Structures are given as structure tokens and as C-alpha cells.
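*Asks:* Quick one, structure for this:
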Amino acid sequence: MNVKVRDGLWAAAAFLVALVTLVAPLGRPAPPWLILLSAVWAAALVPLSARRPRWAIVLTAPLNGVNNLLAIAPTSLVIFRSARSIRSQGQLWALVGVTAALQAAFGGLHSWLAGDGLVEYLLGTLFSVVFLLVFPAVSGALIGRRKPLTQVLMERNDYLEHARALTASTARSATRAHIASEMHDMLSHRLRQLTAHAGALERSAAEQAPELREQVELIRKTSAVAMEELREILGVLGASGEHDEDAGTRADVERLVAASSAAGLTVRLDWTGDDLANADARLRRAVHRVVREALTNVHKHAPSANARVSVAVTDRVRVEVVNGPSAAPRGAGTRRGLIGLEERVELIGGSFLAEVPTGQGFRVTASLPLHPVVPEETTAANAVAEAPPPITAEVLTVPRAVGSGCLATLSVVPALGTVFVLLIVAVFGRNDMRREEYDAFQTAVTHEQEITETYGFGVLSDNSGCYRYPVKDSGDRDFELCFDRNTGLMTTKRELAR
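*Replies:* Residues are numbered from 1 along each chain as shown. Here you go, the predicted structure:
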């Protein structure tokens, strides 16, 4: 809920509660204009507590000079809110001390004008200071101190989360670099030896066993392709630091096609649409891998067939490598290369299909998104950015709700309890008087306390020291009882028309 709307609702509630005294006074009746003024004053303190918390605390004191307890009780919430906003504890308790003194002064002025006794004045002042000033100030101060401490803990938690993510990313990078180093030292050396031996064997076979020349040539080409794939894997693991910048571009695909043509394969390239030089690196690597793996399969299984590579760039990138039937018998494959292609394509949100089309041959098709939505593998740089966000002050958790609730109880319960009790007394308290009860009262005998304890203070009378009570079962008549301020005994009584 918007802060201004919330303040408006609280101010309206305080105003309406304070106006109840007009129809159901608690204690000696006060003039209607004074009740209305105190209601406006109490309502104005609500928004003031957000903008000027120090002034709001002090300005609650004048309400103690008005006989309107329903305007005084809600001020505890104003003090609670103001105390929560004041960071200096010394300043806060100085304000509380000044406000307590002012409350005692305004309360004493009211008691003197109303003729209350010393005990009644002391009890009222003690209740007001303890329950409606000190308790709200204590709870507000505790919550106010908790807020900056919570902020520090949140910042520290944020730092630790980022440090943990960075440490984990660094450990992964170190592990991958170690794996790449081991593969480079072991597999790379073995593959170079295999390629060298295959080249020597190819030359020997050309002279001594021409019928084995093609098989030996295939071994040499396969070992060369394996060496290229190892280099790519080492690049992914971080040994080379970065991938080929032009992988998957039109120039790169043309090189792959040209290399296959140089190796004896009949293949042509059809490229439609824009180049992929500025496309996502993941997309370009996938295009490169699909074309290369598909041409390698053509070399292995259909070296005498005609092949065609098609790349169409629109809102998606469609890569197709298709070859016709081959005169040579088709060799058995493990399909591991195709499975790897399918996984790579699906990893960036594309689709992959490898099938035998009508008329035999083989076709590999990949449909790739122009802008892959799957994030790249996390690096040390973006690992920190992706660390879990810290809990903010706006997030309400169970510990916060319980902790804040326990502290707020110190102010809410006395305030709301006081308002509730006063409303019950005001609304349901009896202030009408039966005629037989009126007749039983005797001048110079009946005491003021006896009347007020039973019937309250009635409604405002025009005469000082007099109380007016509605006549029960009569809507147009009142009884007026007047008392001596010194002795408290009744001096006169009379029946009046409204």
C-alpha cells in the first residue's frame, strides 16, 4: 500500500475515534469546538511523524490539556513511528523527557481547571507517560536500531554470497585448466604420432599395396579431424583462452566445404541470408560443428556421393547437409557424433534431425535460434553477477514478523487496549437517569463522586460545576445536578427542557 494512502487512513481513523467524545464523553464534558480541535490535532500528527518525527513527539503533549482521552490514546502510535526514525538515542530520550514534562504540565493545567484531586492527577499522568509515551518510544527505538544492523548483515551476506560464487567459479576454472593441460600433454602427443604414422603408412601403401590406399587415407584424415576436435575441446576447457572468432561464419563454412572438396568429396555450398559474423558465439559454434560433423560422416560413409551444404539465415538459422547414395557400401557407425550434435543444438534451444531421405543417401538438418536464450556457461565474471540476491528490507520473513511483532506489542497493545476500553465505556456506559433515582438525591447529602461513579459526567452543562443527565424514557428532558467545588456535596438539582 502507498505510504501516503496508509497515512491518510491512519489519520482518518484517529480523527473519527477522537470525535466519539462528542456523543459519549469520558470524564467531564469539554466544549465541542475543543473536542473537534483535538481530533484534528491528533489526525495531523500522523503524517507529521513521517516528515518531522522530533516535532511530532513533542506536539503530542498539548493533547493532555484537553479532556479527550480518545484523542490522546492514538498518539502512542505516532510516538512509536517517530522513535523508529530517530537514529540518535540520546536525542530521542531527551525528547521523551521534554515531552513527559510537557505532558505533566498540560495534565496539571487540565486537572486544576477541572478540580481533580492530586491522586487522580498523578495516576493519570503516570499512565499517560508510561504506557502512551515511554513504551512506544522504547519499542520504536529498538526497531530503529535493528534496521541499520539488519542492513549491515544483509550487505555482509551479499558480500559472502558473491565471494562464494567467485571462489566456486575460480575452482571450476582451475579444474578445467588442469584437465585441458593433461589432455594436451597426453592425447595431443599421441594423436600427432598417429597422424605421422598414418601419413607414412599412406605413402608406403601407395607403393606396395594400392588397394589399401583409401583405407589408410581415411585413417590419416580421421586422425587429423580428431586432432582438430581435441583443439576445440581444449579451447572450451580454457586452455586456449577463446574460441575461433570466425567459427560458423560464411567464410568458415566455405573453408570447410573447400577442405572437403580438396579431400576428394563432391560438395557445394548454398548460403542465403546474412552472414553470421556478428551473431552469438554459441550459434556460430553450433553451425560450424554441424557442418563439419556432417561432412566428416560423408567422408566416412559415402565418399563417392554428391553432397550439398545449405545455410539459410532468416529469423532462425537452418543448416542442412545432404548427400546422395554412394556406390561404395555404407559403413557401420556408432552415431556418437550425431548424438553429440543433437545435444549441442538442443542446448541452445534448437532442433536436430538426422534421417535417410527418399531416394537413399543421408540428410542432417538443424534449426537454430538466431538469438539463443540459454545463457552461456558461467564464467568467473558473470558468476558474481548471478549470485543469489540478498534479503532486502522489504521482504517479510517469519523471524522478522515475529521479532517486529514482539517489539511493536510494547506500543500497540497499550494504545489499542486503551482505545478499546475507552470506546466500550463511552458507547455502552450508562449516563441516563431514572426519575425515582433523581428524586432520591438530596442536597447537602449526595456527594459528587457518588453520582459520577454511577452515571459518569453526563453531557456538557451551561453552568460550572453542574452535570446534565438525560431523563430515561424521555427524549426532551434533562436533570441538572450542581455540586460545591470545595465539599463535593450537591447544592441544587432541577429538571430542564432540552
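
*Asks:* and residue 376, what pLDDT?
*Replies:* Residue-level confidence at residue 376 comes out at 46, pLDDT.

*Asks:* what about residue 76, how many residues close to it?
*Replies:* As a burial measure, residue 76 scores 29 neighbours (other C-beta atoms under 10 Å). C-beta coordinates here come from the backbone N, C-alpha and C atoms, glycine included.

*Asks:* Mind telling me what element it is part of?
*Replies:* helix 75-85 (DSSP states H and E).

*Asks:* by contact count, what packs against that helix?
*Replies:* In terms of contacts (3 or more C-beta pairs under 8 Å, 6 or more residues apart in numbering; DSSP states H and E), helix 75-85 is packed against helix 32-51, helix 53-58, helix 135-208, helix 398-428.

*Asks:* which one of these has the lowest average pLDDT?
*Replies:* Among the helices and strands packed on helix 75-85, helix 398-428 has the lowest mean pLDDT, at a mean of 56.

*Asks:* and after that helix, which helix or strand comes next?
*Replies:* helix 435-440.

*Asks:* And residue 466, how far from residue 451?
*Replies:* 11 Å (C-beta to C-beta, to the nearest Å).

*Asks:* whoops, residue 31 was the one
*Replies:* 21 Å.

*Asks:* between these two, who's got more neighbours?
*Replies:* residue 451 (21 against 11).

*Asks:* how about the more buried one, what does it touch?
*Replies:* Counting by C-beta atoms under 8 Å, 6 or more residues apart in numbering, residue 451 touches 441, 467, 481, 483, 490.

*Asks:* Please, which helix or strand holds it?
*Replies:* helix 448-455.

*Asks:* just residue 91 next, same as before
*Replies:* helix 89-114.

*Asks:* And the contacts of the very next helix or strand once past that helix?
*Replies:* Per DSSP H and E, helix 89-114 leads on to helix 118-129 as the next helix or strand towards the C-terminus. Applying C-beta under 8 Å, 6+ apart, the contact partners of helix 118-129 are 64, 72, 100, 103, 104, 107, 108, 111, 116.

*Asks:* for stretch 37-57, same thing?
*Replies:* Contacts for stretch 37-57 (C-beta under 8 Å, 6+ apart): 3, 7-8, 10-12, 14-16, 18-19, 59-60, 62-63, 66, 68, 71-72, 74-75, 77-79, 81-83, 85-86, 91, 95-96, 99, 137.

*Asks:* Just the buried ones from these?
*Replies:* 7, 10-11, 14-15, 18-19, 59-60, 63, 66, 68, 71-72, 74-75, 77-79, 81-83, 85-86, 95-96, 99, 137 (16 or more other C-beta atoms under 10 Å).

*Asks:* Return the residues in contact with the closest residue to residue 271 other than its chain neighbours.
*Replies:* Of all residues not flanking residue 271 in the chain, residue 311 sits nearest, at 4.9 Å (C-beta to C-beta, 6 or more residues apart in numbering). Residues near residue 311 by C-beta under 8 Å, 6+ apart: 250, 253, 269-273, 287, 291, 317-320.

*Asks:* cool, residue 287 as well?
*Replies:* 247, 248, 253, 276, 311, 317, 319, 366, 368.

*Asks:* ditto for residue 247
*Replies:* Here residue 247 is in contact with 281, 284, 285, 287, 288 (C-beta under 8 Å, 6+ apart).

*Asks:* Can I get the buried part of these as one ChimeraX selection?
*Replies:* Selection command for ChimeraX covering only the buried members of the contacts of residue 247, criterion 16+ other C-beta under 10 Å:
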select :284,285,287,288
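
*Asks:* Domain boundaries for this protein, per the record?
*Replies:* 3-161+396-428, 246-375, 435-497 (automatic domain parsing).

*Asks:* Can you point out the buried residues in stretch 337-349?
*Replies:* Those would be 337, 338, 341, 342, 344, 345, 348, for stretch 337-349 by 16+ other C-beta under 10 Å.

*Asks:* That should have said stretch 300-319, apologies.
*Replies:* 300-303, 305-309, 311, 313, 317-319.
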